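Visitor: please work out how this folds:
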Amino acid sequence: MQVPRKGSRCRCRLGPNDFEVSARIERFIEPSLLLLLSEGSNHGYELAEQVGFLIGEAGVDLGNLYRLLRSLEAEGLVRSAWRNDLPGPLKRTYELTDEGAALLKAWVNSLQGIQLRLDTFFHRFTSTVKD
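Guide: Here you go, the predicted model:
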């Protein structure tokens, strides 16, 4: 029996007729961040927690999250400001721009297309495969 591996492989064999599959949507963190910011401005730690919930991962790498936020800001999709009116130390908060909202809509359209293909796949599976 093989030990499941993490990494780029999306499947591994655990035993006869026994597989572990990791279906992933690459870059799903980006539309997740945009969605959260469409609900209102927020700071990095709170975004990390909420994104983790949306993408189904307990721990989001903060370094990668902040790099993505900076990249989105450089493209004019989000903007940030330092806030000292929030509890605790000074916090940088992020908010969605109009261009960011347009990108979120494009992500939604693309993800809806994926959902349609998945629905078709599942319907075909349930109508042809018997347990």
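
Visitor: drop to CA atoms for contacts and neighbour counts, all remaining ones
Guide: OK.

Visitor: pLDDT on the longest helix seen in the chain, on average?
Guide: Residue-count comparison of every helix in the chain, with assignments taken from DSSP state H, identifies helix 98-128 as the longest. For helix 98-128, the mean per-residue pLDDT is 93.

Visitor: against which helices or strands is it packed?
Guide: The elements that helix 98-128 packs onto, with contact taken as 3 or more CA pairs under 8 Å, 6 or more residues apart in numbering; DSSP states H and E, are helix 29-38.

Visitor: just checking, what packs against the helix it packs on?
Guide: Under the contact criterion of 3+ CA pairs under 8 Å, 6+ apart, helix 29-38 touches helix 44-55, strand 91-96, helix 98-128.

Visitor: so how far is the longest helix of the chain off the chain centroid?
Guide: Relative to the mean C-alpha coordinate of its chain, helix 98-128 is positioned 14 Å out (CA atoms, centre = their mean, to the nearest Å).

Visitor: buried residues, that helix. List them.
Guide: Neighbour-count burial for helix 98-128, with 16 or more other CA atoms under 10 Å as criterion, is recorded at 100-101, 103-104, 107.
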